[in-house]
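1. When you get a sec, could you give me coordinates for this:
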Amino acid sequence: MAIPTLSPEQLQSARSAATQARRARADFKNRLRRGELTLGQALDQAAGDDVLAHIKVVDLLKALPRVGEKRAAAIMERLDIAPNRRVRGLGHHQIAGLKKEFH
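-> Numbers count the residues shown, from 1 in each chain. From the prediction side, this is the model:
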């Protein structure tokens with residue numbers, strides 16, 4: 001199957017949509033970093049938003065205060081969450097475990 005050729009207008013529209021999505025995800029992580037959202041609230045909000053559901057779980061954890069690369073990796077390993085898992089791919093037990101970890 002060949003990749004479709006897009007018109008300049010379609011390319012610009014796709015670029016604009018991608019930029020908006022990146023900005024929305026960055027703003028979301030910044031709100032988490034500043035403490036405006038708890039992890040539980042963030043997971044609930046991301047579950048209902050296709051753009052936010054694409055955030056990697058490790059990036060969401062690292063946006064939390066006092067959570068760095070090592071602590072995020074340890075939490076994900078303990079909860080049996082793959083390193084490349086996105087919020088959309090989390091199971092019910094994994095979500096419950098994350099919410100319990102950061103109640």
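2. Packing partners of the longest helix along the chain?
-> Across the chain, the longest stretch assigned as helix under DSSP state H is helix 8-33. The contact analysis (3 or more CB pairs under 8 Å, 6 or more residues apart in numbering; DSSP states H and E) places helix 8-33 against helix 39-47, helix 57-62. (Each C-beta comes from the backbone N, C-alpha and C, glycine too.)
3. give me that answer again for 6 Å
-> The helices and strands touching helix 8-33, judged by 3 or more CB pairs under 6 Å, 6 or more residues apart in numbering; DSSP states H and E, number zero.
4. quick one: low-confidence parts of this protein?
-> Nowhere does the chain drop to pLDDT under 70.
5. May I have the residues that are in contact with Arg78?
-> Listed by CB atoms under 6 Å, 6 or more residues apart in numbering, the contact set of Arg78 is empty.
6. so how far is Glu9 from it?
-> Per CB to CB, to the nearest Å, Arg78 is found 48 Å from Glu9.
7. now swap in Arg22 and tell me
-> 21 Å.
8. out of the two, which sits in the busier spot?
-> Shown here are Arg22 and Glu9; by other CB atoms under 10 Å, Arg22 has more neighbours (11 against 8).
9. Spatially central residue in this structure, please.
-> Ile55 (2.1 Å; CA atoms, centre = their mean).
10. What about that one? Give its phi and psi, please.
-> phi -70, psi 140 (degrees, to the nearest 10).
11. That one reaches Arg25, doesn't it?
-> Yes: here Ile55 reaches Arg25: they are 5.4 Å apart, a contact under CB atoms under 6 Å.
12. sorry, back to before: and the longest helix of the chain, what's buried?
-> Arg25, Phe28, Lys29, Leu32 (16 or more other CB atoms under 10 Å).
13. same thing with stretch 48-59?
-> Residues Asp49, Leu52, Ala53, Ile55, Val57, Val58 are the ones in stretch 48-59 that count as buried (16+ other CB under 10 Å).
14. would a markdown table of those with distance to Leu90 be doable?
-> Below are the buried residues of stretch 48-59 laid out as a markdown table (distance: CB to CB, whole Å):
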| residue | distance to Leu90 |
| --- | --- |
| Asp49 | 14 |
| Leu52 | 13 |
| Ala53 | 9 |
| Ile55 | 11 |
| Val57 | 7 |
| Val58 | 12 |
